[in-house]
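Sharing a model prediction with you, sequence too.
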Amino acid sequence: MMRAVTLKGFGAADLLSLAEVPRARLRTGRDVLIKVMASGINRADIVQRYGKYPPPPGASEVLGLEVSGVVDEVGSDVKHFKPGDKVMALLDGGGYAEYAVAHEGTVMPMPREFSFIEAAAVPEAFLTAWQCLKYHGDVQPGQRVLIHAGASGVGTALAQLVERHFKATAITTSSAEKVDVCKSFASHALDRTPDEAGVCFASKVKAQCGEQAINLIIDPVVGGTYLSEDASVLANDGKIVVLALMGGTEVQLNLMPLFARGASIVFSKLRNKPAAYKEGLVTSFTAAALPPVRPARAHGGGRQGVPHRGCGGRAPVPRGQRREREGDSVVGVTAWPRHTAGRNNISISNNNNNTHMNTLVFVFGLFACAFVGPFTSFDTPCSTHC
């Protein structure tokens, strides 16, 4: 048996609890069993918690799409990893637990300079970003890439890859309080607050970039005015990659600007891709972009009793712990602080005999902030965007 964060039903974060569940085990010869040290929190986990994003057939019902940890056991056909290796991995699910199983093709060696907390923030965000830029966008040096929700985990990953690896220009949009965060990663950071005409970003992009139109737009919002504004700043033969529908599923759109520019719209998903596709994506990313990438430490004000500290440099070690007893609530583990930018992780520690997950530390991105009182909910609607 092992302990995991489980759902007692779909809905708010108070439906989460720590429970004993059957220990994860190898299913195929290419599986790797990982003793989890940290697990990344993604918006997809929150949507799944609300019952709106079911896991693929055969995947674990436990939340968690990315982890870091130590290899505990390998299948008979695994060639590149052995017990004791420090790794980070992309999962179909099951990350919020003491142990998780990953296909060898989605496991990556953990860079030596990364902590476990940092490493857990890499797989989902950076592989999603790599898929957008390399596979969908085919970004070339000197091009311009517009990134919405630029202060999010994927947004900060996109900006880093655009600027550092692809040698292109990143233009990000975010809420006003997160513009400074975006400036840490992108050449241009714009406030998406609507103007008097209700325009969120198009006029600001044009003012910033002049006549240089945007070659690629990464849009997890789409709804409202976003898609029509995207079309107005897109270059000829430009592409829009849709990552999510945080702004709603229905839009009113004049298709002529897109038609006139010969534009393409791609809807990007990763979780339901076959293992061979993910393995190719991981191989491509690992060979080209690791280890220069760095997951973004979360910024923003902590709320409701959650301490927040500054950022910069390497990730510090958690200063405190909250012991979880049988039946304790874990409200807040997959809640999404509205004013936080960057990544949110769970750090998991095992006791001396490695049989129970006895410490659960909620992490604002890469700075570990332990709860010093009862877990409190700071849930936000799934439609909120960064």
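Structure's in. What do you need?

His285 contacts Glu124, correct?
Heads up, residue 285 is Phe, not His. No. Counting by Cβ atoms under 8 Å, Phe285 does not reach Glu124; the two are 11.9 Å apart. Just so you know, the C-beta spots here come from the backbone N, C-alpha and C atoms, and that holds for glycine as well.

more neighbours, these two?
Glu124 (28 against 22; other Cβ atoms under 10 Å).

Grab the nearest non-local neighbour of the more buried one.
Computed as Cβ to Cβ, 6 or more residues apart in numbering, the closest residue to Glu124 that is not its neighbour in sequence is Glu66, at 4.2 Å.

for Tyr135, same thing?
In space, Tyr135 is closest to Leu281, 7.2 Å off (Cβ to Cβ, 6+ apart).

What residues does that neighbour make contact with?
Taking Cβ atoms under 8 Å, 6 or more residues apart in numbering as the criterion, Leu281 is in contact with 127, 130-131, 135, 270, 273.

Show me which of the residues you listed is closest to Arg30.
Lys273 (16.2 Å; Cβ to Cβ).

partners of the helix or strand Val241 falls within, with directions?
Assigned by DSSP states H and E, Val241 falls within strand 234-242. Strand 234-242 has its sheet partners listed here by DSSP bridges as strand 214-219 (parallel), strand 264-267 (parallel).

circling back: give me the distance between the residue nearest to Tyr135 and Leu161.
Note on Leu281: its distance to Leu161, by Cβ to Cβ, to the nearest Å, is 13 Å.

Common neighbours of the two, please.
What both Leu281 and Leu161 touch, as defined by Cβ under 8 Å, 6+ apart, is the set Trp130.

Going along the chain from the helix or strand harbouring Ala19, find the next helix or strand for me.
Assigned by DSSP H and E, Ala19 belongs to strand 16-21. Next in sequence after strand 16-21, counting helices and strands by DSSP H and E, comes strand 31-41.

Dump that following strand to PDB, restricted to CA.
The C-alpha trace of strand 31-41 is given here as PDB (Å, rounded to 0.1, in the frame of the first residue of the first chain):
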ATOM      1  CA  ASP A  31       7.600   0.800 -17.200                       C
ATOM      2  CA  VAL A  32       9.600   2.600 -14.500                       C
ATOM      3  CA  LEU A  33       8.400   2.800 -10.900                       C
ATOM      4  CA  ILE A  34       9.400   6.100  -9.300                       C
ATOM      5  CA  LYS A  35       9.500   6.900  -5.600                       C
ATOM      6  CA  VAL A  36       8.000  10.400  -5.800                       C
ATOM      7  CA  MET A  37       9.800  13.300  -4.100                       C
ATOM      8  CA  ALA A  38       7.800  16.200  -5.700                       C
ATOM      9  CA  SER A  39       4.800  16.400  -7.900                       C
ATOM     10  CA  GLY A  40       3.800  19.400 -10.100                       C
ATOM     11  CA  ILE A  41       0.400  21.000  -9.900                       C
END
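
strands paired with it, and their directions?
strand 66-74 (antiparallel), strand 99-103 (antiparallel), strand 344-350 (antiparallel).

Now do that strand, average pLDDT.
On average, the pLDDT along strand 31-41 is 95.

Check stretch 11-22 too.
Rounded mean pLDDT across stretch 11-22 is 89.

Off-centre distance for it?
21 Å (Cα atoms, centre = their mean, to the nearest Å).

can you pull the buried residues of it?
Residues 13-19, 21 are the ones in stretch 11-22 that count as buried (16 or more other Cβ atoms under 10 Å).

Could you pick out the longest helix of the protein?
helix 275-289 (DSSP state H).

for the record, mean pLDDT for it?
Rounded mean pLDDT across helix 275-289 is 96.

could you dump the strands paired with strand 234-242 to CSV with distance to Ile41 and mean pLDDT?
Shown next, in CSV, are those (distance: least, Cβ to Cβ, whole Å; pLDDT from 0 to 100):
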stretch, distance to Ile41, mean pLDDT
strand 214-219, 21, 98
strand 264-267, 24, 97
